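1. sequence and predicted structure are below.
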Amino acid sequence: MKKLTLPLGDKDILDLKAGETVLLSGTMITGRDAAHKRLYELIKEGKELPVDIKGELIYYVGPAPAKPGFAVGPAGPTSSYRMDKYAPALLDLGLKGMIGKGARNDEVIDAIIRNKAVYFACVGGAAALIAKSIKAEEILCYEDLGTEAVRRYTVEDFPCIVAIDSYGNNAYTEGQKKYNRE
């Protein structure tokens with residue numbers, strides 16, 4: 001298992017291969033559907049974003065309330081396809097990667113390749129375990145969105161899998177080919 005420190009550098013991203021498991025430590029931002037929609041609208045209007053996404057990794061999560069002693073409550077990934085409309089624009093502005101669950105559309109994969117970015121997947125259903133990797137959080141913007149506000153997480157050994165690498169290799173499609181019998 002590969003251990004990486006966030007933010008990821010270009011070499012880190014280019015060295016990743018679809019299917020690899022990694023542990024991420026450092027800081028990342030979060031955001032889900034509603035936050036992505038607001039960011040996308042600002043981009044379309046040519047306005048400045050309230051958070052600098054250049055070089056960032058965004059985790060598609062809306063955490064549950066924290067129990068005493070934890071930074072966040074259960075914090076499992078949400079389905080990534082709901083951000084597919086917005087992801088290419090964010091990647092073109094310098095976002096270096098995304099963490100979620102599930103397949104991505106061709107436009108997102110093209111934007112990953114074009115921008116030498118990466119898409120990581122987390123295991124759904126492991127929200128309580130993932131929360132143990134999150135050591136601190138702060139709200140960056142859109143506090144009115146509650147759990148969907150954009151936050152900064154400080155993580156330690158956050159587990160994920162390289163789902164789509166910077167070359168477009170896709171663990172979802174390659175994995176299926178391996179097990180399909182013709």
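-> Great, that's in hand.

2. and residue 131, how many neighbours does it have?
-> Applying the criterion other Cβ atoms under 10 Å, we find 20 residues in the vicinity of residue 131. Where C-beta positions appear, they are placed from N, C-alpha and C, glycine not excepted.

3. check residue 44 too.
-> Neighbours around residue 44, by other Cβ under 10 Å: 9.

4. with residue 86 instead?
-> Using other Cβ under 10 Å, residue 86 has 20 neighbouring residues.

5. that one: what's it in contact with?
-> Contact analysis of residue 86 by Cβ atoms under 8 Å, 6 or more residues apart in numbering lists 36, 37, 39, 40.

6. where does it land on pLDDT?
-> The model reports residue 86 with a pLDDT of 98.

7. could you identify which of the contacts of residue 86 has the most neighbours?
-> Within the contacts of residue 86, most neighbours by other Cβ under 10 Å means residue 39, with 24 neighbours.

8. does residue 32 really touch residue 61, like I thought?
-> Yes - Residue 32 lies in contact with residue 61 (Cβ atoms under 8 Å); the separation is 6.9 Å.

9. ok so, going back, need the max-distance pair from the contacts of residue 86.
-> Farthest-apart pair in the contacts of residue 86 is 37 and 39; separation 7.4 Å (Cβ to Cβ).

10. what do residue 32 and residue 61 both touch?
-> By Cβ under 8 Å, 6+ apart, the residues touching both residue 32 and residue 61 are residue 78.

11. so between those two, which is more surrounded?
-> More crowded of residue 32 and residue 61, by other Cβ under 10 Å: residue 61, with 27 against 23.

12. is it true that the more buried one touches residue 78?
-> Yes - counting by Cβ under 8 Å, residue 61 does reach residue 78; the two are 6.3 Å apart.

13. residues shared between the contacts of those two?
-> residue 32.

14. which strand residues bridge residue 2?
-> Residue 2 has these beta-bridge partners by DSSP bridges: residue 22.

15. what packs against the helix ranked longest in the chain?
-> The longest helix of the chain (DSSP state H) is helix 33-44. Other elements packing on helix 33-44 under the criterion 3 or more Cβ pairs under 8 Å, 6 or more residues apart in numbering; DSSP states H and E are helix 87-92.
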